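1. take a look and give me a structure for this.
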Amino acid sequence: MSAAVGIIPVANLALAFAAPLAVVAVMFAWSLRAGNALYALARMLVQLLLIGYLLTFIFESNSLLVVLAVLSVMVGASSWIALSSVTNARRSLLPHALAAIGVAGGCTLVLVIVGVLGLDPWYEPRFAVPLAGMVFANAMNNVSLTAERAVAELARGEPWTNARNTALQAGLIPTMNSLFAVGLVALPGMMTGQILSGVSPLVAVRYQIVVMCMIFGAGGLAAVMFLLTARARLLAAN
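-> Numbering: from 1, shown residues only. The predicted structure is shown next:
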C-alpha cells in the first residue's frame with residue numbers, strides 16, 4: 001500500500017547529513033577546504049529554516065501588498081545577480097535586466113496563475129510566491145548567460161546580429177537541456193514533491209508540463225527582451 005510522506009522527525013532529518021559529512025571528512029583527510037564545505041552546509045540549514053518561517057508568515061498573511069513586495073524583491077535581486085558576469089557594465093545594464101525579467105517573467109506568471117490555474121484570488125501566496133521564484137530564477141539565469149555571451153562575442157569583433165543570435169542560443173542552453181532531460185534523466189523537484197505527498201503521477205505530470213512551459217517561455221522572452229533593449233549599452237561596453 002502506498003502512503004504519502006509525513007513530517008520528517010528531527011532525528012531522521014539529522015540522518016540526512018550523514019552522506020554530506022562523510023564527504024567533508026574525506027575533504028579534511030585530503031587537506032581540501034573542509035571548513036568551507038561545513039560553512040556551506042551550515043548556511044544552507046540556517047537559510048532554509050529562516051525561509052521556512054518567512055514563507056509561513058507570507059502564506060498566512062494572504063495579503064496582496066505582501067505578495068507584491070516579495071515579487072519586487074525577487075525581480076530586483078534576480079536582475080542584479082544576472083549581471084554579475086558583466087561587472088564593468090552592470091549598473092548601466094541593470095534597468096534593461098529589470099525590465100526584461102520583470103515584464104517577461106511577470107506576464108508569464110500572470111498567464112499561468114490566471115489563465116492556466118485559475119486561482120482566486122490570483123495572488124494566493126501559497127501558489128504565487130513559489131511559482132514566481134521558479135519564473136524569476138530561470139529568467140535570471142537566461143539573462144545572465146545571454147549578457148555574458150553577448151559581451152564576449154562583441155569583444156571578439158562579431159557584428160551585432162551574429163553576437164545577438166549566438167548569445168540567445170547560449171542563454172537558452174540550460175533550459176533546453178532541461179526540456180530534453182525531463183522525465184528521461186530527471187524528475188523535477190515540483191513533480192517529485194507532489195508524488196511524495198501522495199498526488200497521482202498523472203496529475204503531477206500536468207503541473208510539471210505547465211512549469212516547464214513557464215520557465216522556458218519566461219526565460220526565453222526575458223533574454224530576447226534584454227538583447228533588444230540593451231543593444232546600445234552592450235555595444236557601448238565594447
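
2. ok, the spatially most central residue of the chain to residue 215 distance?
-> In the chain, the C-alpha closest to the average C-alpha coordinate belongs to residue 137, at a distance of 2.4 Å (CA atoms, centre = their mean). Distance, residue 137 to residue 215, by CB to CB, to the nearest Å: 8 Å. (C-beta placed from N, C-alpha, C; glycine too.)

3. got a list of what residue 208 touches?
-> Neighbouring residues of residue 208 by CB atoms under 8 Å, 6 or more residues apart in numbering: 182, 188, 190-191.

4. after the biggest helix by length in the chain comes which helix or strand?
-> In the chain, assigned by DSSP state H, the helix with the most residues is helix 125-155. From helix 125-155 onward toward the C-terminus, using DSSP states H and E, the following helix or strand is helix 160-171.

5. and the helix or strand following that following helix, which residues are buried?
-> Next helix or strand after helix 160-171 toward the C-terminus (DSSP H and E): helix 173-181. By 16 or more other CB atoms under 10 Å, the buried positions in helix 173-181 come out as 175, 178.

6. and the angle for the helix or strand following helix 173-181 with helix 125-155?
-> From helix 173-181 onward toward the C-terminus, using DSSP H and E, the following helix or strand is helix 189-196. Compare the direction of helix 189-196 with that of helix 125-155 by axes from the mean of the first three to the mean of the last three CA atoms, to 10 degrees and you get 150 degrees.

7. let me know the average pLDDT across helix 189-196.
-> Averaging pLDDT along helix 189-196 gives 74.

8. now for it, which elements pack on it?
-> Counting contacts by 3 or more CB pairs under 8 Å, 6 or more residues apart in numbering; DSSP states H and E, helix 189-196 is packed against helix 201-229.

9. and the helix it packs on with helix 189-196, angle?
-> 170 degrees.

10. ok, then the element right after helix 201-229?
-> helix 231-236.

11. how far off centre is that following helix?
-> Centroid separation for helix 231-236 versus its chain: 26 Å, with CA atoms, centre = their mean, to the nearest Å.

12. also stretch 14-31?
-> Centroid displacement of stretch 14-31 relative to its chain, using CA atoms, centre = their mean, is 28 Å.

13. ok, and what's touching that stretch?
-> Contact with stretch 14-31 is made by 33-34, 37-38, 41, as judged by CB under 8 Å, 6+ apart.

14. switch the cut-off to 10 Å
-> Residues outside stretch 14-31 that contact it (CB atoms under 10 Å, 6 or more residues apart in numbering): 8-9, 32-38, 40-41, 44-45.

15. overlap in contacts, residue 137 and residue 215.
-> Counting by CB under 10 Å, 6+ apart, the residues touching both residue 137 and residue 215 are residue 105.

16. how about the contacts made by residue 179?
-> Taking CB under 10 Å, 6+ apart as the test, what residue 179 contacts is 172, 212-213, 215-216.

17. rerun that using 7 Å as the cut-off
-> Contact analysis of residue 179 by CB atoms under 7 Å, 6 or more residues apart in numbering lists 212, 216.

18. next one: residue 93
-> Going by CB under 7 Å, 6+ apart, residue 93 touches 83, 86, 147, 230, 233.
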